[in-house]
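J.: I would like the atomic coordinates for the input below:
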Amino acid sequence: MSGHSKWATTKHKKAAIDAKRGKIFTKITKEIAVAAKIGGGDPDGNPRLRTAILKAKEANMPADNIKKAVMKGTGELPGVSYEETNYEGYGPGGVAILIDIMTDNKNRTVAEIRKTFTRHGGNMGEAGCVSWMFNKKGYIVVEKNKADEDKLMSLALDSGAEDMKSDNNNFEIITVPKDFEKVKEVLKQNNIEMSVSEVTMVPQSYIKLDGKEAEQMLKLMEELEDHDDVQNVYANFDIPDEIMAKV
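T.: Got it, this is the predicted structure:
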């Protein structure tokens with residue numbers, strides 16, 4: 001799973017920079033509002049809202065912003081109505097790409113996303129063309145210098161993790177979504193620092209890219225991630241460390 005951990009780690013480092021600029025707040029605000037609209041404004045009874053609020057706090061989003069986003073979702077404050085959808089397609093080398101969207105104008109968004117694919121050597125596909133290649137999982141990355149392997153494996157598996165794997169630099173812990181928070185909490189209680197912790201879509205297999213295709217793929221991912229209506233991008237590429245280091 002090294003392809004997944006390399007991009008996930010890079011993405012989270014970039015997210016920390018985006019958080020400082022306030023850029024990430026827009027996406028988290030949408031997620032909070034939609035979660036509150038669907039499941040109500042009480043995070044104790046709304047797991048999706050609870051997760052979104054935790055993400056907001058990790059990004060140092062002001063408490064007042066969080067409160068207003070919840071109130072917009074429940075209708076207590078006026079706000080834009082967002083629609084959720086997914087787009088699927090292929091990147092350079094046939095890489096499978098799955099995108100979570102929240103938009104107030106689907107026609108505008110699909111046209112912009114299609115242009116982005118085309119600009120970087122990819123193309124949008126039909127619904128269902130690649131989603132079958134991904135499984136929803138809890139995903140945690142711990143750098144190898146942050147934990148003892150045997151202790152980490154014992155803690156993870158005893159608290160409900162499905163599996164633990166490793167690549168050159170990281171340990172990767174996989175859970176079913178419902179056990180993710182429990183496993184994460186056990187690691188926090190044992191002072192184990194996590195570089196990535198999220199519920200995500202994990203690919204079943206990976207496509208190795210190099211050279212121009214690898215560079216195109218990373219440019220495509222960056223542009224998709226930067227789009228205001230894109231919440232998440234998942235892809236099954238594996239790119240060499242030296243090319244990833246340029247991102």
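J.: which SS state does G160 fall under?
T.: State at G160, reduced to three classes by DSSP: H, G, I helix; E, B strand; the rest coil: coil.
J.: equivalent analysis for P78, please.
T.: coil.
J.: could you chop this protein up by domain?
T.: 2-74, 83-132+206-238, 133-203 (automatic domain parsing).
J.: now do the buried residues in stretch 30-48.
T.: For stretch 30-48, the neighbour count (16 or more other C-beta atoms under 10 Å) marks 30-37, 39, 41, 43, 46, 48 as buried. The way it works is simple: take the backbone N, C-alpha and C, and place the C-beta from them, glycine included.
J.: so I53 sits right up against E31, yeah?
T.: No: I53 is beyond contact range of E31, at 9.5 Å (criterion: C-beta atoms under 8 Å).
J.: sorry, back to before: A245 is nearest to which of the domains of the chain?
T.: domain 2-74 (8.9 Å; C-beta to C-beta).
J.: give me the distance from the closest one to the chain's centre.
T.: The chain centroid and the centroid of domain 2-74 are separated by 11 Å under C-alpha atoms, centre = their mean, to the nearest Å.
J.: helix or strand right after the lowest-mean-pLDDT helix or strand in the chain?
T.: Ranked by mean pLDDT, DSSP states H and E, the weakest helix or strand in the chain is helix 2-21, scoring a mean of 63. Going down the chain from helix 2-21, the next helix or strand is helix 23-39, by DSSP states H and E.
J.: give me the low-pLDDT residue ranges for this protein?
T.: Along the chain, segments meeting pLDDT under 70 span 1-6, 10-22, 246-247.
J.: please repeat the previous calculation with a cut-off of 90.
T.: Where the chain drops to pLDDT under 90, the residues are 1-26, 55, 58-60, 79-81, 166-170, 195-196, 198, 222, 225-226, 239-247.
J.: and the longest strand for it?
T.: Ranked by residue count and defined by DSSP state E, the top strand of the chain is strand 134-143.
J.: direction included, what does that strand pair up with?
T.: Strand 134-143 has the following sheet partners, assigned by DSSP bridges: strand 170-175 (antiparallel), strand 196-203 (antiparallel).
J.: pull out the buried positions in that strand.
T.: F134, K137, G138, Y139, I140, V141, V142.
J.: show me what stretch 216-234 is in contact with.
T.: The contact list for stretch 216-234 (C-beta atoms under 8 Å, 6 or more residues apart in numbering) reads 7, 11, 14, 26-27, 30-31, 91-93, 95, 97-103, 109, 112-113, 116-117, 119-122, 134, 200-201, 203, 209, 235, 237, 239, 243-244, 246-247.
J.: which ones among these lie within helices?
T.: 7, 11, 14, 26-27, 30-31, 109, 112-113, 116-117, 119, 243-244 (DSSP state H).
J.: among those, name the buried ones.
T.: 7, 11, 14, 27, 30-31, 109, 112-113, 116-117, 243-244.
J.: out of the residues you listed, the closest to N168 would be?
T.: Proximity of those to N168 (C-beta to C-beta) peaks at M244, which lies at 11.9 Å.
J.: Y87: which element?
T.: In the assignment (DSSP H and E), Y87 maps to strand 83-90.
J.: pairing partners for that strand, with directions?
T.: strand 96-103 (antiparallel), strand 123-124 (antiparallel).
J.: point out the most buried one among those.
T.: Of all these, strand 96-103 carries the top mean neighbour count, a mean of 21, counting by mean count of other C-beta atoms under 10 Å.
J.: tilt between it and helix 23-39?
T.: Put simply, strand 96-103 runs at 80 degrees to helix 23-39, going by axes from the mean of the first three to the mean of the last three C-alpha atoms, to 10 degrees.
J.: for strand 96-103, give me every contacting residue.
T.: Strand 96-103 has contacts (C-beta under 8 Å, 6+ apart) with 27, 30-31, 34, 82-91, 109, 113, 122, 130-131, 133-134, 201, 203, 207, 220, 224, 229-236.
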